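Participant: Starting from these lines, generate the structure:
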Amino acid sequence: RRVPPGPRGLPLLGNIRELADTKWLTSSAPMQEYGAIVYLRVPGQSVLLLNSQRMAVDLLDKRAKIYSSRPRLILASEIYTGGIVLPFIYYGDMWRRLRKAAHECLTVAQAKRYNPIQAKEAAILALDMLADGDEWD
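Facilitator: Numbers count the residues shown, from 1 in each chain. Next up is the predicted model:
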């Protein structure tokens, strides 16, 4: 695949030096040398530097559907959780449905309804800790 221009980097380490150099990252040097989009490689990942706010808005807001997903974490996402735990799901239909359900349950108004349950559980916890404090690290 063709990628945007960027510094060559070191074998195995890629562009780790450039990412560690905050002066280089925050200056206009990358944009002047490579253009508005700079491609960097670090072990295991590719990084794009976007050198304009307009470009960031275009890519990350207007095309959020393309770029809003997460990396595939097979063990955490698919094996341990069965693919239904929100932080590990790819952006898509299931993510949207779970996000909507979570939003409906976690609004400020809904959270206030949980106060009596939380107070009861806190009292139970405190009693358990008093009864057997050695088991509560």
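
Participant: Contacts for the longest helix seen in the chain, please.
Facilitator: Looking across the chain with DSSP state H, the single longest helix is helix 115-131. Residues outside helix 115-131 that contact it (C-beta atoms under 8 Å, 6 or more residues apart in numbering): residue 136. (Each C-beta comes from the backbone N, C-alpha and C, glycine too.)

Participant: So, low pLDDT: which residues of this protein?
Facilitator: 1, 137 (pLDDT under 70).

Participant: what ranges do the strands span in it?
Facilitator: Assigned by DSSP state E, the chain shows strands spanning 37-42, 45-50.

Participant: mind giving me CSV with these and columns for distance to residue 131 and mean neighbour count?
Facilitator: Formatted as CSV, the strands of the chain follow (distance: least, C-beta to C-beta, whole Å; neighbours: other C-beta atoms under 10 Å):
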stretch, distance to residue 131, mean neighbour count
strand 37-42, 51, 19
strand 45-50, 50, 14
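
Participant: now the ones you listed as CSV including distance to residue 132?
Facilitator: Shown next, in CSV, are the strands of the chain (distance: least, C-beta to C-beta, whole Å):
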stretch, distance to residue 132
strand 37-42, 49
strand 45-50, 47
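
Participant: How about residue 51: what's its closest non-neighbour residue?
Facilitator: Closest residue to residue 51 apart from its sequence neighbours, by C-beta to C-beta, 6 or more residues apart in numbering: residue 31 at 4.1 Å.

Participant: Any figure for the gap between that neighbour and residue 10?
Facilitator: Computed as C-beta to C-beta, to the nearest Å, the residue 31 to residue 10 distance reads 22 Å.

Participant: gap between the two ends of stretch 13-26?
Facilitator: Start and end residues of stretch 13-26 are separated by 21 Å (C-alpha to C-alpha, to the nearest Å).
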